[in-house]
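J.: sequence and predicted model, in that order:
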Amino acid sequence: MVSIPEALQIIEDNVFPTTQSEMKRVSEALGYVLSEAVASPINMPPFRQSAMDGYALHLHDSNTYTLVGEVKAGDAHQLDLNSGDAIRIFTGAAVPDTANAVVMQEKVSARGETIQIEGTVALHANIRPQGEQVKEGSTALEKGTLLTPAGIGFLTSLGITEVNVHKKPTITIVTTGNELIAPGQPLEHGQIYESNATMLASSLQGLGYDKVTIRKVEDDYDKTFKLLQSSILESDLVLITGGISVGDYDFVGKALIEMGVNQLFYKVKQKPGKPLFFGKKEETVVFALPGNPAAALTCFNIYVRKALERMSGNLHFSITKTKEPLAAPFQRKGDRPQFLKAMYANGSVTILDGQSSAMLQTFALANALVFAPEEMVDMKPGDIVDVIHVPNS
């Protein structure tokens, strides 16, 4: 059994970006990671640009200037300014080469073709130099950059339409258990509706992973072995739910070891999700999650997501965690570190009722997990706790 930090470190030490890359339209590349650096094809800004609405000046010793024209954003014409000349100019417009400062309109009094400036204006004031953000031919974004909406906007502003990105992994979800049936069928005594596959597939979809296959296997060793073997051959990552404990009909662990999966850890000192398996066969990453839904989803958020981000090239990913005050008391049970389903709102966090690893209703209401180390038992309002913000989209 390993500790939580040990498990996370083992994942970090053994999961790397996929070697395959693909060209992606910038407009469709949100959440992807650049597999190579992007050079700027232009200067940004491509011309000397006014930072505000006001007047472009050819500075001289007086505060009085002669108004000789106007330039709006998008105008292509150039005006020649002599010493003491000014033009009306607007934010984003091209500053003429013969202007050497822009003064904001709030500091100007205009009377016909003459303007009067309040105070002094510094040389080059309020002019964005050509190439201030990035120069033509220089690196706009480094290899390994996660493309956020801001990154998409920046690349688009440079006129870039396609980028080379790491391919996201192909994923197979395998569910095990004779008791599981698909929703929509009559529920017989002793059966339950299978929910883990849909839950995990939805989590993956919300994170931008769409190459997902779902497969189901009965509690039979030979069938389990064959299905897992083919899934590992066909996928970059395999997620198995159930069958990883030590019951008479839990065949997953034995099958993985027999087919040569390298067990990197099995069992984590935590609650929920103690019987978590992580291993690799060649380049395929394998997680066997507990069968209880809340435990499976907790392990997904804490461990699987880290592996997925690393496989996608995002080596700097870390779980979003903050320190927040508790809004209400909570008495923790057990002697293991615990991830507690919680609701964060209005600057504080409330640990919810229904913490059983089998209970998804509470998780459906939660937007966070409170991490309680083993020594934290009697939790009081105002206590500062670690809050892990989990995706709920």
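T.: Good, I have the coordinates.
J.: torsion angles phi and psi at residue 220?
T.: phi -140, psi 130 (degrees, to the nearest 10).
J.: next, count neighbours for it.
T.: Burial of residue 220 is recorded as 14 neighbouring residues (other CB atoms under 10 Å). Using the backbone N, CA and C atoms, a C-beta is placed for each residue, glycine as well.
J.: now the one 3 residues further on
T.: When neighbours are counted by other CB under 10 Å, residue 223 registers 14.
J.: pretty sure it sits against residue 217.
T.: Yes - using CB atoms under 8 Å, residue 223 makes contact with residue 217 at a distance of 5.3 Å.
J.: which ones are touching residue 322?
T.: 386, 387, 389 (CB atoms under 8 Å, 6 or more residues apart in numbering).
J.: now residue 281: closest residue in space that isn't a chain neighbour?
T.: Excluding its sequence neighbours, the residue lying closest to residue 281 (CB to CB, 6 or more residues apart in numbering) is residue 261, at 4.6 Å.
J.: would you mark the buried spots in the longest helix out of those in the chain?
T.: Longest helix of the chain, by residue count under DSSP state H: helix 221-234. Using 16 or more other CB atoms under 10 Å as the test for burial, helix 221-234 gives 224, 225, 227, 228, 229, 231, 232.
J.: just the pLDDT at residue 247, thanks.
T.: Residue 247 is assigned 62 on the pLDDT scale.
J.: try residue 242
T.: Among the per-residue scores, residue 242 holds a pLDDT of 83.
J.: how many other residues sit next to it?
T.: When neighbours are defined as other CB under 10 Å, residue 242 has 25 of them.
J.: who touches the residue nearest to it when sequence neighbours are not counted in this structure?
T.: Excluding the flanking residues, the one nearest residue 242 by CB to CB, 6+ apart is residue 291, at 3.2 Å. By CB under 8 Å, 6+ apart, the contact list for residue 291 reads 176, 177, 196, 241, 242, 243, 244, 245.
J.: hey, which helix or strand in this structure has the poorest pLDDT?
T.: Of all helical and strand segments in the chain, the minimum by mean pLDDT, DSSP states H and E falls on strand 180-181, at a mean of 74.
J.: give me the contact list for that strand.
T.: Strand 180-181 is contacted from outside by 187, 188, 191, 192, 193, 194, 216, 242, using CB under 8 Å, 6+ apart.
J.: mind listing what that strand pairs with, with the direction of each?
T.: Sheet pairing here is set by DSSP bridges, and for strand 180-181 it gives strand 192-193 (parallel).
J.: tell me the first helix or strand C-terminal of the strand it pairs with.
T.: The helix or strand immediately downstream of strand 192-193 is helix 196-206, counting by DSSP states H and E.
J.: what's the helix or strand following that following helix packed up against?
T.: Next along the chain after helix 196-206, taking DSSP H and E as the criterion, comes strand 212-217. Applying 3 or more CB pairs under 8 Å, 6 or more residues apart in numbering; DSSP states H and E, we find strand 212-217 packed against strand 171-176, helix 196-206, helix 221-234.
J.: need the contacts of strand 180-181 in a markdown table with distance to residue 33, can you?
T.: Formatted as a markdown table, these follow (distance: CB to CB, whole Å):
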| residue | distance to residue 33 |
| --- | --- |
| 187 | 43 |
| 188 | 46 |
| 191 | 42 |
| 192 | 38 |
| 193 | 36 |
| 194 | 33 |
| 216 | 32 |
| 242 | 32 |
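J.: highest neighbour count among those residues?
T.: Highest neighbour count within the contacts of strand 180-181, by other CB under 10 Å: residue 242, with 25 neighbours.
J.: wait, that one sits on residue 277?
T.: No - Residue 242 is not in contact with residue 277 according to CB under 8 Å; the separation is 11.5 Å.
J.: what is in contact with the two at once?
T.: Residues touching both residue 242 and residue 277 (CB under 8 Å, 6+ apart) are residue 252.
J.: point out where the protein drops to low pLDDT.
T.: Judged against pLDDT under 70, the low-scoring parts of the chain cover residues 245-249, 392-393.
J.: the helices in it, which residues?
T.: 4-14, 149-157, 196-206, 221-234, 252-258, 293-299, 305-311, 361-365.
J.: ok so, going back, do you know how far the residue nearest to residue 242 is from residue 276?
T.: According to CB to CB, to the nearest Å, residue 291 and residue 276 sit 12 Å apart.
J.: overlap of the contact sets of those two?
T.: By CB under 8 Å, 6+ apart, residue 291 and residue 276 have these common neighbours: residue 244.
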